[in-house]
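Colleague: 3D model of this:
(one chain, ligands or ions: 1)
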Amino acid sequence: MAMSRVALHGRHLFTSPHLFRRHMSTEAMAALDRIRHSGLLKTQGLVGPKWIDSYDGKKIEVQNPATGDVIASVPCMGAKETADAISSAYTTYASWSKLTAAERSKSLRNWYNLMIEHKDELAQLITLEQGKPLTEALGEVNYGASFIEFFAEEAKRIYGDIIPSPLSDRRLLVLKQPVGVVGAITPWNFPLAMITRKVGPALACGCTVVVKPSEYTPLTALAAAELALQAGIPPGALNIVMGNASEIGDTLLKSTQVRKITFTGSTAVGKKLMEGSASTVKRVSLELGGNAPCIVFDDADIDVAVKGSLAAKFRNSGQTCVCANRILVQEGIYEEFANAFVKAVQSMQVGNGLLEGISQGPLINEAAVQKVEKFVNDATSKGANVILGGKRHSLGMTFYEPTVVSNVNRDMLLFKDEVFGPVAPLVPFKTEEDAISMANDTNAGLAAYIFTKSIPRSWRVSEALEYGLVGVNEGIISTEVAPFGGVKQSGLGREGSKYGMDEYLEVKYVCMGNLKDT
Ligand code: NAP
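Modeller: From the prediction side, this is the model:
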């Protein structure tokens, strides 16, 4: 956790909302006023029915990455608050899990409706604390809410089985039951959707949840929780704690009342959580980092390939786990593709996401910019060429120029690791076999993209790619109705779709014996 962002409770700088506003842009002030008037600017954690501060009074400042303005401060919580949140989730589990599917479905549907009713405020909150452009933030609200709608419907379809018995006096049944209390830890890049993708199926199945959002983006999580309460989801079914990540994580891991950990974030933290889950043998779902290849074959439709790879690369300024991390381009189309791609990248507007026409916001923090700089420097020192951008943006803060780097190869960090920023590395290749070998030459296995007009090649390459998701001639493929998740070190389990329900259900076999008439 960034200690510089932790403030002591009571420092007058953080007690009056008017002081936050002093340095804010007109757009930010208007957005914040609207959010406040809608009752969605919640600045306390949620434990059971109570909105609470941290027990020791410590706070974290939430900043707008586009301006550095402090938007609000939230409690910096730790082990004690988390333990209370777990107790509240555990107590509520007894009643929530006993409701009928139809009753749970109704509350979830109400929650979905409220999110859509307040989509403008939620989107503004996302842009303010995360930085993504408002149109993308609105897209995230629709996407995030869609998980609640989808799982409200799926709640009614948790079917069991009757298995034909090998013995005539027995009947063999399979029941599906909720896992229990779930600990959900989420990242900053999708402050709403990464939460709803977990909480939607968990609540639909009858589980209760303790959510720990990222310290960078807690306000969207808190606003969503307020809407959940308004929707009739009982207090205690959804609890929100934030602050000291490792303390909160350890408390969730050690608790025997928490039966499952679901995590989206970096591979390093995911591995720690998996290890920590062993002592209580918890169920674990992990959505971790990616290193997506985007393969453009000679036979691709160039316009489709440029449009698709642009969307796959630059969404959220390159800060998504499914962002194209390496654009592999076949030699015959390389020059033509590079020229068209650079032209498209040049047209993107960088700036404060609240402003009209902006498609590239800031990076989340200074460390993210330094990582991008390190990757670009590493590539150029090994022979790659920056053909567009390649440096911090003149806007300052954490803005970085949309960048295209050509002649990237396997030895460079841009090839090996997730850059998580607006840098598109172009990697030339000769044959289909070369492309597949390069694409699979990584420990990650989340998303991959291919652009080709050949149907046989689409099948061949899709099947050969060691990835959980493959986009063919399409750069934006996530939807609530399809399974999302990685292979190799990109994770375990699937989110969204009917498969996403299984992560929150236990399978119970019931054998009914001695059924002979006597
Ligand atoms: P991160 O540093 O791993 O943080 C993710 C969450 O884990 C945050 O809430 C963070 O809290 C918390 N955390 C950090 N250390 C922890 C610990 N020791 N114990 C418990 N929780 C801990 O990742 P990030 O930088 O926020 O997110 C970017 C990464 O997420 C990228 O690698 C990206 O690919 C991946 N991602 C994957 C998917 C997917 O579906 N596969 C989706 C989105 C993002 P604080 O922020 O409060 O420190």
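Colleague: Regarding Gly383, what is its secondary structure?
Modeller: coil (DSSP: H, G, I helix; E, B strand; the rest coil).
Colleague: Any residues of the stretch 151-300 of the chain in contact with the ligand? List them.
Modeller: Selection of the stretch 151-300 of the chain residues close to the ligand by CB under 6 Å from any ligand atom yields 185-189, 194, 212, 214-216, 245-246, 249, 264-266, 269, 272, 287-290. Heads up, the C-betas are built off the backbone N, CA and C, glycines and all.
Colleague: are any of those residues buried, and which?
Modeller: For these, a neighbour count by 16 or more other CB atoms under 10 Å gives the buried set as 185-189, 194, 212, 214-216, 245, 249, 264-265, 269, 272, 287-290.
Colleague: re the thing from before, of the residues of the stretch 151-300 of the chain next to the ligand, which belong to helices?
Modeller: Those of these mapping onto helices are Met194, Ala245, Ser246, Gly249, Val269, Lys272, per DSSP state H.
Colleague: And for the first one, nearest residue in space, chain neighbours not counted?
Modeller: Spatially, and ignoring its direct neighbours in sequence, Met194 is nearest to Thr186 (4.2 Å; CB to CB, 6 or more residues apart in numbering).
Colleague: Over to the last one?
Modeller: Computed as CB to CB, 6+ apart, the closest residue to Lys272 that is not its neighbour in sequence is Gly249, at 7.6 Å.
Colleague: Minimum distance to the ligand, which residue of the stretch 51-200 of the chain gives it?
Modeller: Pro187 (3.3 Å; CB to the nearest ligand atom).
Colleague: quick one, what contacts whatever residue of the stretch 251-400 of the chain ends up closest to the ligand?
Modeller: Going by CB to the nearest ligand atom, the ligand is nearest to Gly265 of the stretch 251-400 of the chain, at 2.7 Å. Neighbour list for Gly265: Ile185, Thr186, Pro187, Glu287, Leu288 [criterion: CB atoms under 8 Å, 6 or more residues apart in numbering].
Colleague: Pick out the most distant pair among those.
Modeller: The largest separation in those, counting by CB to CB, is between Thr186 and Leu288 at 12.7 Å.
Colleague: what does this protein put close to the ligand?
Modeller: Counting by CB under 6 Å from any ligand atom, the chain sits next to the ligand at 1, 185-189, 194, 212, 214-216, 245-246, 249, 264-266, 269, 272, 287-290, 321, 418, 420, 446, 486, 491.
Colleague: Output the longest helix along the chain in PDB with nothing but the alpha carbons.
Modeller: In the chain, assigned by DSSP H, the helix with the most residues is helix 134-154. Extracted C-alpha coordinates of helix 134-154, given in PDB (Å, rounded to 0.1, in the frame of the first residue of the first chain):
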ATOM      1  CA  LEU A 134     -16.200   8.700 -19.500                       C
ATOM      2  CA  THR A 135     -17.500   6.800 -22.500                       C
ATOM      3  CA  GLU A 136     -15.400   3.800 -21.400                       C
ATOM      4  CA  ALA A 137     -16.600   4.200 -17.800                       C
ATOM      5  CA  LEU A 138     -20.200   4.100 -19.000                       C
ATOM      6  CA  GLY A 139     -19.300   1.000 -20.900                       C
ATOM      7  CA  GLU A 140     -17.900  -0.500 -17.700                       C
ATOM      8  CA  VAL A 141     -21.100   0.300 -15.800                       C
ATOM      9  CA  ASN A 142     -23.200  -1.400 -18.400                       C
ATOM     10  CA  TYR A 143     -20.800  -4.300 -18.500                       C
ATOM     11  CA  GLY A 144     -20.600  -4.500 -14.700                       C
ATOM     12  CA  ALA A 145     -24.400  -4.300 -14.300                       C
ATOM     13  CA  SER A 146     -24.900  -7.000 -16.900                       C
ATOM     14  CA  PHE A 147     -23.300  -9.500 -14.500                       C
ATOM     15  CA  ILE A 148     -25.900  -8.700 -11.900                       C
ATOM     16  CA  GLU A 149     -28.700  -9.100 -14.400                       C
ATOM     17  CA  PHE A 150     -27.300 -12.300 -15.900                       C
ATOM     18  CA  PHE A 151     -26.800 -13.900 -12.500                       C
ATOM     19  CA  ALA A 152     -30.200 -12.800 -11.200                       C
ATOM     20  CA  GLU A 153     -31.500 -15.000 -14.000                       C
ATOM     21  CA  GLU A 154     -29.000 -17.800 -13.400                       C
END
